[in-house]
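*Asks:* how would this look folded up:
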Amino acid sequence: MGMQAALHLIYPPQCLSCDALVTTDFGLCGPCWRETPFITGLVCDQCGTPLPGQDTGQPEHCDDCLTIARPWSQGRAALLYKDNARHMVLALKHGDRLDLARPAAGWLMRAAQPLLQPDILVAPIPLHWLRLLKRRYNQSALLSSALSSLARLDHCPDLLIRRRSTPSQEGRDRDGRFANLLDALSLHPRRAARVEGRHILLVDDVMTSGATLAAAAEACVAGGAKRVSVLVLARVAKDA
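*Replies:* Numbering: from 1, shown residues only. Reported below is the predicted structural model:
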């Protein structure tokens, strides 16, 4: 504790999003906290998007999840993908802000409470090796690793592989996003045995249409998973 206090005197904690001083490590200042849209209250039980009304304890679903057959059972998101949340997600994804994975794991864990079970296996959405070589890290794997460590859950960072380098999803409509991911993901041949009969929790940074998570979930179900849940740091909502 003394060493920590001494370090804080020399290097005072700074806001995760700006240079403002804060009282604790990995914290947000007041203005940045207010600009960070954490998801609370009633949410869609399958994708985590916020819903109007009060939480009655019964599962509710958004319009998209009522019309799209999701290959997973439940889903949650920690943030809405806008304002300061979008800024931090992009910083983690493209700005080498690997330090954001630690606080993000805490936000993910709070959002994932209805999903977490002791026997769950946590796995990230994979990058194609060419993209991983260019970016040098998989932000989803950083999130899944930090979450599994915090929650003391089994983690398999290479459970899934991306068999082909898919073009960016940006600018595609819903059908185009799903078509782009067709047969793109599969279980790693040397990890497939870990899926059979397990509850799998798939972790990604952002969910828009859910196409990438659907491809990953379908691969897990085909491999014998008894259940698949999904968890994302940020959810793109229609009103976002």
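*Asks:* who touches the closest residue to residue 117 other than its chain neighbours in this structure?
*Replies:* Nearest residue to residue 117 in three dimensions, chain neighbours excluded: residue 199, at 6.0 Å (C-beta to C-beta, 6 or more residues apart in numbering). Any C-beta I mention is one placed from the backbone N, CA and C, and that applies to glycine too. By C-beta atoms under 8 Å, 6 or more residues apart in numbering, the residues touching residue 199 are 117, 119-121, 225-229.
*Asks:* ditto for residue 157
*Replies:* Residue 157 touches 123-124, 141, 144-145, counting by C-beta under 8 Å, 6+ apart.
*Asks:* distance to residue 94 and pLDDT added to these, as TSV?
*Replies:* Converted to TSV, those look like this (distance: C-beta to C-beta, whole Å; pLDDT from 0 to 100):
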residue	distance to residue 94	pLDDT
123	23	98
124	17	98
141	15	98
144	19	98
145	19	98
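*Asks:* among those, which pair sits farthest apart?
*Replies:* 123 and 145 (10.3 Å; C-beta to C-beta).
*Asks:* which residues do these two both contact?
*Replies:* With C-beta under 8 Å, 6+ apart, residue 123 and residue 145 have common neighbours 155, 157.
*Asks:* more neighbours: those two, which one.
*Replies:* For residue 123 versus residue 145, the count of surrounding residues by other C-beta atoms under 10 Å is larger for residue 123: 30 against 18.
*Asks:* assumed the more buried one was part of a strand.
*Replies:* Yes - according to DSSP: H, G, I helix; E, B strand; the rest coil, residue 123 belongs to a strand.
*Asks:* so who does it touch?
*Replies:* Contacts of residue 123 (C-beta under 8 Å, 6+ apart): 144, 155-157, 159-160, 200-203.
*Asks:* and the strands in the protein?
*Replies:* Here the chain has its strands, by DSSP state E, at 74-80, 121-124, 154-155, 160-162, 185-187, 199-207, 227-235.
*Asks:* summarise which helices and strands the last one is packed against.
*Replies:* Contacts of strand 227-235 with other secondary structure elements, assessed using 3 or more C-beta pairs under 8 Å, 6 or more residues apart in numbering; DSSP states H and E, are made with strand 74-80, helix 83-94, helix 101-111, strand 199-207, helix 211-222.
*Asks:* can you do 6 Å?
*Replies:* strand 74-80, strand 199-207, helix 211-222 (3 or more C-beta pairs under 6 Å, 6 or more residues apart in numbering; DSSP states H and E).
*Asks:* output those in JSON lines, with distance to residue 30 and mean pLDDT appended to each entry.
*Replies:* Below are the helices and strands packed on strand 227-235 laid out as JSON lines (distance: least, C-beta to C-beta, whole Å; pLDDT from 0 to 100):
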{"stretch": "strand 74-80", "distance to residue 30": "17", "mean pLDDT": "98"}
{"stretch": "strand 199-207", "distance to residue 30": "25", "mean pLDDT": "98"}
{"stretch": "helix 211-222", "distance to residue 30": "33", "mean pLDDT": "96"}
